[in-house]
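Novice: Turn this into a model:
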Amino acid sequence: MPDASFLSQKGSKAAQNPIRVDLKIYSEAMENLYHPQTNPSGTLPMNIAENQLCWEILRERIQKVTREKDIPDWVANYTDSNGAPSFRKATAGFLSKFLFHCPVDPDSLALSVGATSVIEMTSFLLANPGDTAVIPAPSYPVYTGDIGNLPGVLRYDLQLPGEFNESEYDFEISLLDQARAEIEDKGSQFRLLILTSPDNPTGKIYREDHLRAIAQWCIKNQTHLIVNEIYALSQIDIRHPELKSDYPNPAPFVSFGKLMQEFQSPFLHFWYSFSKDFGISGFRIGLLHSHNTALIQGYQNAGAGHCISNYTQWVMQEVLDDSAFLASFFKEFQTLLTQAYLSFTKGLRNLHIPFNPSRGSLFVWMDLSEFLEEKSYAGEEKLWLDIFNTTSLLLTPPQGFGHQQRGWYRAVITSLRPNEMEVALKRLETFVEKRRKERI
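Specialist: All right, here's what the predicted structure looks like:
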């Protein structure tokens, strides 16, 4: 590796610390992918949060746009750094119809290149270096870098009570008071509270009454609450006959955008990205929604380096304006997602492997702790590597999720086609049965 001493302190740190612990092995796995005929022993990566289920449907619609529509002149020019006005208008219409179910002002939106950009920019504008963001655990490992690398914000993993066997979070407001006291004792400030609903990796949601109570606490304590709904339309069909017993008294999913419209507070904010629900992570479209006009103005003034390609904005604007297509698209996506979830969880039930019932997201959060040689980070990493080396099945390792219970792993169920899912489950079955026999 080149000498990092010639870089800045942040540059040196970046050169020596990968964005995530599984990136190198993932790159190796992508060079040896499974194919039923040409590479039947190849790898099956289930560690990166990508939605591979519905690209064919969306691609057909996008190709129709590019075949039949003339590219407008504004695409070749500079436009508003918060997003082209016509694209923000189309995005506001999409949020209003499919998520918030209330009016959305296009001027309350700031769009930039993907969720990472939005998280980084929002953290930079709302918090000072050394301030703390509280994030209920377990949660997205890369939040740490997104809020920390450039904004310099610290991460505090809030440990929620209970086991991983519910589809909704039971949130106790007193935990926020405890976190604030602990953070302030360390000389920092509790500046941000970040929730993800449906959550990554558990698939749990936050109930409306809890969101209201959390919002009221944050407004009272002048703490910025950000709800990330990047998986808002990646909903499991909990009414499916083979799944409904896992959800005896489900609360409806209510978008935080609806509550923001009621509160109209400068301390409440919303994140979204097209990467997951639309299955277009490579398009790099993320957004911030806020009624804090100073934040939106600051985003516009500081965000010129984060602008989305105008061509991308135009293409997706045309898609977003087609509400009939979107309704059909998301209905088909939910069916495919539910089928993937049902297939994978059936396999886990047959193997008597516990998992958390999911309301949404692209994941299954499963308990492999019985196979740990020791309940530690080292034990978790060893098991993760053992599974990959013996089965070529690559799960997401537990490191970085911030929770204290050892032995839980994330599987991205949208990363495989149905025939590949069958192979993955068979390989997992072989591993599990072999380990249990060895233990006996």
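
Novice: which residues does residue 99 contact?
Specialist: 229, 232-233, 255, 257, 272 (CB atoms under 8 Å, 6 or more residues apart in numbering). From N, CA and C alone the C-beta is placed, and that goes for glycine too.

Novice: Find me the pLDDT at it, would you?
Specialist: As predicted, residue 99 sits at a pLDDT of 98.

Novice: ok, for it, nearest residue in space, not its chain neighbours?
Specialist: residue 255 (4.6 Å; CB to CB, 6 or more residues apart in numbering).

Novice: Pull the number of nearby residues for that neighbour.
Specialist: Other residues within reach of residue 255, judged by other CB atoms under 10 Å, total 23.

Novice: all helices of the stretch 51-200 of the chain, in order?
Specialist: With helices called from DSSP state H, counting those that start in this stretch, the stretch 51-200 of the chain shows them at 55-68, 85-95, 114-126, 143-148, 174-185.

Novice: correct me, but the residue nearest to residue 99 touches residue 98?
Specialist: No - the criterion here is CB atoms under 8 Å, and residue 255 misses it with residue 98 at 9.2 Å.

Novice: Overlap in contacts, the two.
Specialist: Shared contacts of residue 255 and residue 98, counting by CB under 8 Å, 6+ apart, come down to nothing at all.

Novice: Could you check which helix or strand contains the nearest residue to residue 176 once chain neighbours are set aside?
Specialist: Spatially, and ignoring its direct neighbours in sequence, residue 176 is nearest to residue 217 (5.6 Å; CB to CB, 6+ apart). Assigned by DSSP states H and E, residue 217 belongs to helix 208-220.

Novice: So what touches that helix?
Specialist: 169-171, 173, 176, 193, 195, 197, 206, 223-225, 227, 251-252, 254, 256, 259, 263, 265, 267-268.

Novice: Which of the residues you listed are buried, as a ChimeraX select command?
Specialist: In ChimeraX syntax, the buried subset of the contacts of helix 208-220 is picked out as below (16 or more other CB atoms under 10 Å):
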select :169,171,176,193,195,197,206,223,224,225,227,254,256,259,263,265,267,268
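
Novice: Restricted to strands, list the contacts of helix 208-220.
Specialist: 193, 195, 224-225, 227, 268 (DSSP state E).

Novice: Show me what the longest helix seen in the chain is packed against.
Specialist: Secondary structure of the chain per DSSP state H: the longest helix is helix 323-350. With contacts defined as 3 or more CB pairs under 8 Å, 6 or more residues apart in numbering; DSSP states H and E, helix 323-350 has these neighbours: helix 55-68, helix 310-320, strand 363-367, helix 418-439.

Novice: Of all these, which one is nearest residue 389?
Specialist: Residue 389 lies closest to helix 418-439 among the helices and strands packed on helix 323-350, at 10.3 Å (CB to CB).

Novice: buried set for the closest one?
Specialist: Under 16+ other CB under 10 Å, the buried positions of helix 418-439 are 420-421, 423-425, 427-428, 431-432, 435.

Novice: residues making contact with that helix?
Specialist: 34, 36, 44, 46, 339-340, 343-344, 347, 350-351, 353, 371, 387, 390-393, 413, 416.

Novice: Quick one: mean pLDDT over that helix.
Specialist: Rounded mean pLDDT across helix 418-439 is 95.

Novice: so how far is that helix from its chain's centroid?
Specialist: 27 Å (CA atoms, centre = their mean, to the nearest Å).

Novice: And stretch 200-212, by the same measure?
Specialist: With CA atoms, centre = their mean, you get 13 Å for stretch 200-212.

Novice: and the residue lying closest to residue 144 once chain neighbours are set aside, how many neighbours does it have?
Specialist: Nearest residue to residue 144, sequence neighbours excluded (CB to CB, 6+ apart): residue 155, at 4.9 Å. Each residue near residue 155 was counted by other CB under 10 Å, and the total is 21.

Novice: ok, residue 155 - contacts?
Specialist: Residue 155 neighbours (CB under 8 Å, 6+ apart): 132-133, 135, 143-144, 147-148, 402.

Novice: Tell me the buried residues within the residues you listed.
Specialist: Buried among the contacts of residue 155 by 16+ other CB under 10 Å: 132-133, 135, 143-144, 147-148, 402.

Novice: mind putting those in JSON lines, pLDDT and distance to residue 439 included?
Specialist: Output for these, formatted as JSON lines (pLDDT from 0 to 100; distance: CB to CB, whole Å):
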{"residue": "132", "pLDDT": "98", "distance to residue 439": "42"}
{"residue": "133", "pLDDT": "98", "distance to residue 439": "41"}
{"residue": "135", "pLDDT": "98", "distance to residue 439": "35"}
{"residue": "143", "pLDDT": "97", "distance to residue 439": "36"}
{"residue": "144", "pLDDT": "96", "distance to residue 439": "35"}
{"residue": "147", "pLDDT": "97", "distance to residue 439": "41"}
{"residue": "148", "pLDDT": "96", "distance to residue 439": "40"}
{"residue": "402", "pLDDT": "95", "distance to residue 439": "29"}
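
Novice: Worst mean pLDDT across the helices and strands of this structure, which element?
Specialist: Lowest by mean pLDDT, DSSP states H and E among the helices and strands of the chain is helix 9-16, with a mean of 86.

Novice: May I see the buried residues of that helix?
Specialist: By neighbour count on 16+ other CB under 10 Å, the buried set for helix 9-16 is residue 14.

Novice: Let me know the pLDDT of the residue nearest to residue 99.
Specialist: pLDDT, residue 255: 98.

Novice: Report the contact partners of it.
Specialist: By CB under 8 Å, 6+ apart, the neighbours of residue 255 are 99-101, 229, 232.

Novice: Now do the same contact list for the nearest residue to residue 191 once chain neighbours are set aside.
Specialist: Excluding the flanking residues, the one nearest residue 191 by CB to CB, 6+ apart is residue 131, at 3.8 Å. Each residue near residue 131 by CB under 8 Å, 6+ apart is listed here: 153-154, 188-192.

Novice: before we move on, what about residue 195?
Specialist: 136, 206, 211, 214, 225-228, 256.

Novice: can we see that at 6 Å?
Specialist: 206, 227 (CB atoms under 6 Å, 6 or more residues apart in numbering).

Novice: What distance do you get for the residue nearest to residue 165 when sequence neighbours are not counted to residue 175?
Specialist: Take residue 165 and drop its neighbours on the chain: the residue closest to it by CB to CB, 6+ apart is residue 356, 6.5 Å away. Computed with CB to CB, to the nearest Å, the distance linking residue 356 and residue 175 is 19 Å.

Novice: What of residue 378?
Specialist: In terms of CB to CB, residue 378 sits 29 Å off from residue 175.
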